[in-house]
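>>> Next comes the sequence, and after it the predicted model I'd like to discuss.
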Amino acid sequence: MRRIMHSLLAIVALVVVMAMPARADNIVEIDRDTSDGLYAGAMAHGLVDYPSRLWVKVRVRPNQRVHVDWSLTCYHHGDSRSRDGGFRAITPVKRVLRIPYAEADRCSVTATAQVDDLGRLVVILLARVP
């Protein structure tokens with residue numbers, strides 16, 4: 001009887017887990033660029049299909065103030081919308097870039113960064129995709 005009960009509980013647990021909705025937690029790197037030196041600057045650019053979230057991530061060694069500019073153009077059923085912006089921050093920094101469509105078919109994204117001093121700069125574009 002115990003064996004049957006354990007088997008039934010295992011089956012119920014498996015059915016519950018399989019019935020849970022799948023999450024789109026696949027984070028991909030779109031592009032990255034590096035540079036080093038005094039007032040180092042770097043630019044990352046790329047295309048991504050069906051993004052649900054976009055980020056720009058900037059690291060500098062040693063950590064310091066960085067100026068970041070970004071732009072994106074997204075497409076949805078033949079229409080396009082663009083956004084851009086910029087910010088200054090102390091590294092490391094990771095910022096969300098707001099996608100102009102709830103369900104974009106494709107986005108083109110660019111981010112540039114420049115440090116205020118001497119350092120090794122890394123700019124990374126990330127996306128969450130299905």
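Right, received. Where do you want to start?
>>> Every contact and neighbour count from this point should use C-alpha atoms.
Fine.
>>> Mind jotting down where the helices sit in this protein?
Secondary structure of the chain (DSSP state H): helices at 2-19.
>>> Low-confidence ranges, it, go.
For the chain, the stretches with pLDDT under 70 are 1-24.
>>> one more time with 50, if that's ok
Applying pLDDT under 50 to the chain picks out residues 5-10, 12-21, 24.
>>> ranges for the strands of it?
26-38, 41-49, 53-61, 65-76, 79-90, 93-97, 106-115, 118-129 (DSSP state E).
>>> Tabulate these (a markdown table), appending mean neighbour count.
Output for those, formatted as a markdown table (neighbours: other Cα atoms under 10 Å):
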| stretch | mean neighbour count |
| --- | --- |
| strand 26-38 | 16 |
| strand 41-49 | 19 |
| strand 53-61 | 21 |
| strand 65-76 | 19 |
| strand 79-90 | 13 |
| strand 93-97 | 15 |
| strand 106-115 | 23 |
| strand 118-129 | 22 |
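>>> Now do the contacts for H77.
For H77, the contacting residues are D105, by Cα atoms under 8 Å, 6 or more residues apart in numbering.
>>> again, only using 7 Å
Contacts for H77 (Cα atoms under 7 Å, 6 or more residues apart in numbering) come out as none.
>>> The one 5 residues further on now?
Listed by Cα under 7 Å, 6+ apart, the contact set of S82 reads L72, T73, C74.
>>> distance of the first one from S35?
Read that as L72. 22 Å (Cα to Cα, to the nearest Å).
>>> again with the second one
Applying Cα to Cα, one obtains 25 Å for the distance of T73 from S35.
>>> Skip the chain neighbours and tell me the closest residue to Y50.
D105 (4.8 Å; Cα to Cα, 6 or more residues apart in numbering).
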